[in-house]
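*Asks:* Sequence and predicted structure, then a few things I'm wondering about:
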Amino acid sequence: MLIGTIEQGLIFAIMALGLYISYKILDFPDLTVDGSFPMGASIVSILIIKGFNPILALGVAFIGGSLAGFITGYIHIKFKITNLLAGIIVMTGLYSINLRIMGRSNIPLFGVDNIFSNKYNFFIILFIVLLSKFFLDYLLKTKFGFSLRALGDNETLVISLGIDQKKLKIVGLMLANGLVALSGGILAQYQGFSDIAMGTGTIVTGLASIIIGESVLKKGKMFNITTIVIVGSILYRFIILGSLKIGFNASDVKLITAILTVGIMAFKGKKLKLTFPLLFKKKLGGGF
């Protein structure tokens, strides 16, 4: 159970890395991830059933997620649709697309070869996560990476430097959703099935992982941001495991995630103040 929890944490860490790009770097609350995550699972599942190489299927899933990110970025920029609404529109459309890809709401993968057809699950997952981490670390140190981070912090500055901020934002969203879809494709092979509803709450799960990682570890010389996100994802899975151990039902996981995310954000932002004693300082008749 311990190894299984770490493995799940690592798989979801790839999704959290993608969400970090859109939410933290680009300052783009991209709800597309709730559709691109099951999209990756759908693409991988149908390709594996048809005899496609499972590793290459992950590459196709990444491309599929990237296309979803492209559409979100394009309609946001081209038609001046707000980032939140653009993500919702694409997420809604992806639900039908994913059903079209799978042909039904659920595809079992038991009995077919996949990347976990051997006994080295942990090392395979760790390799993919580290590959994603080092790729992202390298990318963020390039000119493109610095421009991407500057875009989220100060879009006017990026424009003044002569950089096409529209293309940059679209590429960033493509990369983010590609990683999310890759995570979904890995999870489908790991758990042995893909389901149309497996993307529900993906953005909240990813945010919880990022926030937990940032709350426990501080960015600096010892830990960079990608390491923090990965550790946060693993810790999040252990928190969920602990919640199930103390008596919560599996159906309560989404509620626990929502409460956990709000609680950590409130404490981290120092927004929880002792306001009740102030009520008693008001004069009589002032009301509550």
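*Replies:* Thanks, I have it.
*Asks:* Need the nearest residue in space to Pro54, chain neighbours excluded.
*Replies:* Using CB to CB, 6 or more residues apart in numbering and skipping the chain neighbours, the partner closest in space to Pro54 is Asn114 (4.5 Å). C-betas here are computed from N, CA, C, even on glycine.
*Asks:* low pLDDT regions in this structure?
*Replies:* Residues of the chain that meet the criterion pLDDT under 70 lie in 220, 268-288.
*Asks:* for it, which helix is longest?
*Replies:* In the chain, assigned by DSSP state H, the helix with the most residues is helix 165-191.
*Asks:* ok, Phe70 - how many residues close by?
*Replies:* Applying other CB atoms under 10 Å, we find 17 other residues in the vicinity of Phe70.
*Asks:* circling back: any figure for the gap between the residue nearest to Pro54 and Leu244?
*Replies:* With distances taken as CB to CB, to the nearest Å, Asn114 is found 26 Å from Leu244.
*Asks:* Which one of those two is surrounded by more residues?
*Replies:* Here Asn114 and Leu244 are compared on neighbour count by other CB under 10 Å; more neighbours surround Asn114, at 21 against 14.
*Asks:* on that earlier part again, output the contacting helices and strands for the longest helix of the chain.
*Replies:* For helix 165-191, the packing partners by 3 or more CB pairs under 8 Å, 6 or more residues apart in numbering; DSSP states H and E come out as helix 2-19, helix 33-49, helix 54-78, helix 121-140, helix 143-153, helix 155-160.
*Asks:* Buried by neighbour count: which residues of the first one qualify?
*Replies:* Neighbour counts over helix 2-19 (16 or more other CB atoms under 10 Å) mark 6-19 as buried.
*Asks:* The last one too?
*Replies:* Of the residues in helix 155-160, those buried under the neighbour-count criterion (16+ other CB under 10 Å) are Glu155, Val158.
*Asks:* Could you do the fifth one as well?
*Replies:* If you call a residue buried by 16+ other CB under 10 Å, then helix 143-153 has these buried ones: Gly145, Ser147, Leu148, Arg149, Ala150, Leu151, Gly152.
*Asks:* Put together TSV for these, with distance to Asn83 on each row.
*Replies:* Listed next are the buried residues of helix 143-153 as TSV, based on distance: CB to CB, whole Å:
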residue	distance to Asn83
Gly145	21
Ser147	19
Leu148	15
Arg149	17
Ala150	18
Leu151	13
Gly152	12
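*Asks:* closest to Leu126 among those residues?
*Replies:* Closest approach between the buried residues of helix 143-153 and Leu126, by CB to CB: Gly145, at 23.8 Å.
*Asks:* for the closest one, what are its contacts?
*Replies:* Shown in contact with Gly145 (CB atoms under 8 Å, 6 or more residues apart in numbering): Leu139.
*Asks:* Asn114 too?
*Replies:* Residues in contact with Asn114, defined by CB under 8 Å, 6+ apart, are Ile48, Pro54, Gln189.
*Asks:* buried subset of those residues?
*Replies:* Among those, those scoring as buried are Ile48, Pro54, Gln189 (criterion: 16+ other CB under 10 Å).
*Asks:* Work out the gap between the longest helix of the chain and the centre of the chain.
*Replies:* Here helix 165-191 is found 8 Å from its chain centre; the criterion is CA atoms, centre = their mean, to the nearest Å.
*Asks:* Surely Leu175 and Tyr20 touch.
*Replies:* No: counting by CB atoms under 8 Å, Leu175 stays clear of Tyr20, with 10.8 Å between them.
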